[in-house]
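Peer 1: how does the following fold in three dimensions:
(one chain, ligands or ions: 1)
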Amino acid sequence: MSDKIAYARNGDIAVLTIQNPPVNALGHAVRQGLMERMDQAEADNGVRAVLIVGDGRAFIAGADITEFGKPPMSPSLPDVVDRIEASPLLVVASMHGVSLGGGLEVALGCHYRIAVPSARIGLPEVHLGLIPGAGGTQRLPRVTGVEVALDIMTTGRQVGAKEAAAMGVIDVVQDGDALENGLAYAEKLLTGGAKRRPVSEMPAPTAIDWDAAYDATLARGRGQISPAQSVRAVQASVEKPFNEGLLVERQIFMDLLKSDQSKGMIHSFFSERAVGNLPELKGITPRSIDHIGVIGGGTMGAGIATAALLSGLRVTMLEMTADAGEAAYGRIAGNLAGALKRGKITAEQHETILSQALNVITDYAGLSDADMVIEAVFEEMSVKKRVFIKLDAVCQQGAILATNTSYLDVNEIASVTSRPQDVIGLHFFSPAHVMKLLEVVVADKTAIDVVATGFELGKRLKKVSVRAGVCDGFIGNRILATYRAAADQMVMEGASPYDIDKALEKFGFAMGPYAVADLAGLDIGWAVRKRKRAEAGIEGVSTYADKICEAGNFGQKTGKGYYDYAAGAKARVPNPEVMDLIEAERAEFGSVSHDFTETQIVRRYMAAMVNEAAKVVGEGIARRPLDVDMTLLFGYGFPRYHGGPLKWADIVGLPDLLSDIEGYAKQDVAFWAPAPLLKELVASGKTFDELNKAG
Ligand code: CAA
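Peer 2: Model (predicted):
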């Protein structure tokens, strides 16, 4: 008998307690156990009702995602839910923590549902590229009606107990202990003569305009197919008898399970959790952080300060002059007002943060008791070095000195201090209080507990933290520079920036690279190009991209860049001057122009991204392929359903990708030199994901 389900008698009630930590996922042993314990309860003399509860922190978090993709093992979850519902006994679910996916489906297989106020329900399968697969698409609409059921399924959002009760999913919301509440409720139902109430026997819900709902959901999904597929499954709940509807659901679920999108989404789910789990940090205690200093109150510094304040840290902001300090205060206050408006903080918290937790200063001495200082000053080595020399002089021993540089050498910055072991890179993405990614850049001498503190800070700020080694651009910006260069090559060969943006948006990026550049500000890339040319001793070069900037067009903030924003950002009207500049440059270099199909654009752009990513992993700048995948997902808008560039590469096949790269290399050997790691994987018939699993 399965030890995953404890069995106990309480008068005429059999209590089935699911014990599968950490979140009671419905793995094979749990499913088997539920079947056996239902048999046991029905055979147990005098039992009139069954109460199902979860041990630990949740009722049930859903199917065991680690089993997806493996050969199915009987009993299946749909069979378990049907078995529970068909019981002649009265079956009650008492829910606490989360009841997600298969967890909610088990609860819907029960005849009555009670929950504590903090309980949350949901059908998050869309986040795994799936639809509910154990009757959820057929039962939930019978309980809530079609509209509510579709909202829950297509968004995958978690719904609180009170709202779920208003929807009819939960019968009673009651404070207290789930087991005690459940027992009292079951007893009351028995005493009141309540009858079994199988959802499958409830009348079918009312139809809606299915095609319109399907089209609208597909459009919202930006290329993701599973939300729209759930519309078709719910349609079956209205149009077909219950059992036939279940078959439709099953078919769609199984088809999606085999899809590339669900492979990408499932990879994203596990990688998001694995990325912050570095073996070398096990058992390392982070330094304690309560008060942080931020130097520079521009957009980036103000964003970092805002994120820290929102997570409960005290912040001292250092600016050079009183006026600059006032402007920085204004930026932070503006960000906090936004957080208040969106309900992220209460009016009282807002007031306390501004009056007590934030301090703006103009003198370095005010940073002397900070536990960590993050500088976000102008991106130039000499400026950064000056800041670190001052920090070294004023900061207390053990304080962490962090640079938010996006490209510069953290070893060189650390070298000007007497304590390089305390120096680290913390690369935030703008706006820093919104963007989820944090690159934790580990320099040669950074102490391990400083690295652990970087990750701890990331956790506290609710970021996805990725460990990166030192190189120009670290993980993300280094790869970005390469795929942007590949896009620029295509422009020289005949694709327009608008063709490229369109193809990549179809691939799933929210914005193509040229629209992103306009949003970020074209002056940033211009400054980097000028710096690199100066470093290389190349003068007098001006590309079409430079010329756009020379004309004062820096993108959205000046109203013009690759696009003309006179009609608004959404209109995406090309700036007519851009193609003239491009044509002139093509003519100057005698480029032979040809048309690119959308597939060719995506293939080449992705090949550049994957090849550079493989170099980044091969050189140890990123520890594992999944670190690159998460960097691109959380910092660069890479579509989640492709799983990240290296998961995407595994799915399309590494040999084909390598042969594409070798093809492009015929034109530009240096730029397209295949990554040694990619060649090795192809030669040994392995995938990037196998490297993730190897740890
Ligand atoms: N299967 C397997 N493992 C799971 C899991 C699941 N459904 N849900 C969570 N876990 C694991 C996590 O991977 C993590 O493992 P590690 O500690 O080894 O990293 C551990 O449980 C704890 O999870 P979190 O770190 O995410 O903890 P949390 O408290 O932040 O969040 C949670 C808990 C809300 C349950 C969150 O984990 C979550 O959203 N899980 C996924 C829920 C889900 O998608 N369920 C639907 C499954 S599909 C389904 O049910 C299909 C069907 O209809 C048949």
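Peer 1: residue boundaries of the strands in the stretch 51-200 of the chain?
Peer 2: 90-95, 98-100, 112-115, 120-122, 159-160, 172-173 (DSSP state E, counting those that start in this stretch).
Peer 1: next one: the stretch 251-400 of the chain
Peer 2: Counting by DSSP E, counting those that start in this stretch, the stretch 251-400 of the chain has strands at residues 291-295, 314-318, 358-361, 372-375, 400-403.
Peer 1: hey, which of those is tucked in deepest?
Peer 2: Compared across the strands of the stretch 251-400 of the chain, strand 400-403 shows the largest average neighbour count, a mean of 28 (mean count of other C-beta atoms under 10 Å). The way it works is simple: take the backbone N, C-alpha and C, and place the C-beta from them, glycine included.
Peer 1: could you list the buried residues of the lowest-mean-pLDDT helix or strand in the chain?
Peer 2: Least confident element among the helices and strands of the chain, by mean pLDDT, DSSP states H and E: helix 522-536 (a mean of 86). Using 16 or more other C-beta atoms under 10 Å as the test for burial, helix 522-536 gives 522-526, 528-529.
Peer 1: got a markdown table for these, with distance to residue 209 too?
Peer 2: Output for these, formatted as a markdown table (distance: C-beta to C-beta, whole Å):
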| residue | distance to residue 209 |
| --- | --- |
| 522 | 44 |
| 523 | 48 |
| 524 | 46 |
| 525 | 46 |
| 526 | 50 |
| 528 | 51 |
| 529 | 52 |
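Peer 1: which of those residues lies closest to residue 336?
Peer 2: Taking C-beta to C-beta as the measure, residue 336 lies nearest residue 524 of the buried residues of helix 522-536, at 25.6 Å.
Peer 1: distance of the closest one from the ligand?
Peer 2: Using C-beta to the nearest ligand atom, to the nearest Å, residue 524 is found at 35 Å from the ligand.
Peer 1: now residue 315
Peer 2: Relative to the ligand, and taking C-beta to the nearest ligand atom, residue 315 is found at 26 Å.
Peer 1: restricting to C-alpha, output stretch 563-579 in CSV.
Peer 2: In CSV, the C-alpha atoms belonging to stretch 563-579 read as follows (Å, rounded to 0.1, in the frame of the first residue of the first chain):
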residue,chain,number,x,y,z
TYR,A,563,10.6,54.4,-36.6
ASP,A,564,8.8,57.7,-36.6
TYR,A,565,6.8,58.1,-33.5
ALA,A,566,4.6,61.0,-34.5
ALA,A,567,1.6,58.7,-34.7
GLY,A,568,2.5,56.9,-31.4
ALA,A,569,4.7,54.0,-30.6
LYS,A,570,2.1,51.4,-31.6
ALA,A,571,1.7,52.7,-35.1
ARG,A,572,5.3,51.6,-36.0
VAL,A,573,5.7,53.9,-38.9
PRO,A,574,9.1,53.5,-40.5
ASN,A,575,11.3,56.6,-40.5
PRO,A,576,11.7,57.1,-44.3
GLU,A,577,15.2,58.6,-43.9
VAL,A,578,16.5,55.3,-42.6
MET,A,579,16.2,53.2,-45.8
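Peer 1: and the contacts of that stretch?
Peer 2: Stretch 563-579 has contacts (C-beta atoms under 8 Å, 6 or more residues apart in numbering) with 496-498, 514-515, 518-519, 544, 548, 551, 553, 556, 559-562.
Peer 1: I am finished for the moment; much appreciated.
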